[in-house]
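Chemist: I'll drop the sequence and a predicted model, then ask my questions.
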2 protein chains.
Amino acid sequence: MRLFIVLGHHAAITPDFNLSDLPGSAGRLDLLCRCITSSFLISHGLRRDTELYLVLQDQLTLRLVGSRLRHLNPDERSTAALVQKALRLRGALQGEGELESTPGIFISQRGLRPVLAEAKARVEQLFLLHEQGSPIRQAGLARDVGFVLSDHLDFRPEELELMADLPWLSLGPLSLHADHCIVIVHNELDLRSGGGPCYNGAE
Amino acid sequence: MRLFIVLGHHAAITPDFNLSDLPGSAGRLDLLCRCITSSFLISHGLRRDTELYLVLQDQLTLRLVGSRLRHLNPDERSTAALVQKALRLRGALQGEGELESTPGIFISQRGLRPVLAEAKARVEQLFLLHEQGSPIRQAGLARDVGFVLSDHLDFRPEELELMADLPWLSLGPLSLHADHCIVIVHNELDLRSGGGPCYNGAE
């Protein structure tokens, strides 16, 4: 499996944002929506072996599960509407338990720490993506592998402290948008796997 | 320079579309907007050495010029508003001449044939991107290089005929969205150039 964790530092944690102003009223939710589509969508198909955790303001986490996802279109606005629907369940959340808002989209009251613990138990390797890391093309990558990325802001010192044990990988010499990083990671893994295990048919 | 040509088979050629329905009323303009942002935007900067031609229904062409671009934000909606502004100049176009709607965005009454001719005169190599091509990682790439991509639809037979002389390159085993292909091409070129020549400072 391929697992991505994206930290949304300012992303909306309540559903009262304007779908026509995702960068502003929703705290750069446009970027997180593009992370969703770049995690899952290929031309005429969906990456069923991928999961994405969106950690919103270190308080709420959306977990998107490729094997169950439906109704995902490539545009930002319709993706944001799915996120909005998940956030409407916020009041019903208890402890760290998850609720499923639409097929394959789960919401919970969890921050980075429990998400990291869960991810580590699910993949063989978990990397932090940073342009100062080692080149991904030269890295040995397990079949079950995860990557932590930040949104448009740098990782915070307390986040880096929580992840001090994670090795850093770099995709190239430039600092790129998180959704673009996910595209490049998928491509690297596709090339290694021959496209086989990662893609399990159209939606 | 890096040059991309994207064929938008159904994309809007009039400005009377709804910014809240880019996939539908604007003929998958959402995808072309993401092609714009993946062509030009990196984290906190703009790729000044890149140009993008969007060929709309083989009738109108938008040419976006990195060295002049301004007001480009990463979200689809604000990018679509720039496209809409360009399409408003449609009635003022004469022959194949270009008009500049906002800094770095030019519109003209040109289809694929004249765009290909112009592109060939501007780059050393022009490739067609297709998953059945030769692997890009093994290809020799000139400093001034261009790539032709299709939107969510396959290239049409008449388009392939026009481009029969172009070599095909592949990015990996899967068929990917055009905007994701652009991200991967940029990354390949970034890695070869060390990030230097492609990035000329923040906007």
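Modeler: Ah, there it is.

Chemist: A:V65 bridge partners, please.
Modeler: A:E51 (DSSP bridges).

Chemist: er, A:L169 actually
Modeler: With DSSP bridges as the rule, A:L169 is bridged to A:S134.

Chemist: and it, how far is that from A:S134?
Modeler: 6 Å (Cβ to Cβ, to the nearest Å). (Each C-beta comes from the backbone N, C-alpha and C, glycine too.)

Chemist: between those two, which one's more packed in?
Modeler: A:L169 (24 against 13; other Cβ atoms under 10 Å in any protein chain shown).

Chemist: can you name every helix or strand that the longest helix belonging to chain A contacts?
Modeler: Longest helix in chain A, counting residues (DSSP state H): helix A:178-193. When contacts are defined as 3 or more Cβ pairs under 8 Å, 6 or more residues apart in numbering or on different chains; DSSP states H and E, helix A:178-193 sits against strand A:2-8, helix A:29-40, strand A:145-150, helix B:178-193.

Chemist: looking at that helix now, give me its mean pLDDT.
Modeler: For helix A:178-193, mean pLDDT is 97.

Chemist: got it, and stretch A:31-46?
Modeler: Across stretch A:31-46, pLDDT averages out at 95.

Chemist: and the residue most central in space within chain A, what pLDDT?
Modeler: Nearest to the mean C-alpha position of chain A, by Cα atoms, centre = their mean, lies A:L52 at 3.6 Å. At A:L52, the model reports a pLDDT of 98.

Chemist: likewise for the one 5 residues further on?
Modeler: pLDDT for A:Q57: 96.

Chemist: quick one: pLDDT of the nearest residue to it once chain neighbours are set aside?
Modeler: Distances taken as Cβ to Cβ, 6 or more residues apart in numbering or on different chains place A:I13 nearest to A:Q57, at 5.4 Å, with adjacent residues excluded. Listed pLDDT for A:I13 reads 95.

Chemist: A:I13 against A:L62, yeah?
Modeler: No - if you go by Cβ atoms under 8 Å, A:I13 and A:L62 don't touch, sitting 10.2 Å apart.

Chemist: please say which of those two ends up with more neighbours.
Modeler: Using other Cβ under 10 Å as the criterion, A:I13 and A:L62 rank with A:L62 on top: 24 against 17.

Chemist: which ones are touching the more buried one?
Modeler: Contacts for A:L62 (Cβ atoms under 8 Å, 6 or more residues apart in numbering or on different chains) come out as A:52-54, A:56, A:83, A:86, A:105-107.

Chemist: then A:G104?
Modeler: A:G104 sits next to A:64-70, A:72 when contact means Cβ under 8 Å, 6+ apart.

Chemist: ditto for A:H177
Modeler: With Cβ under 8 Å, 6+ apart, A:H177 has these contacts: A:31, A:34, A:152, B:41-43, B:74.

Chemist: how about those, which pair is most distant?
Modeler: The span of those, defined through Cβ to Cβ, is set by A:R34 and B:I42 at 14.0 Å.
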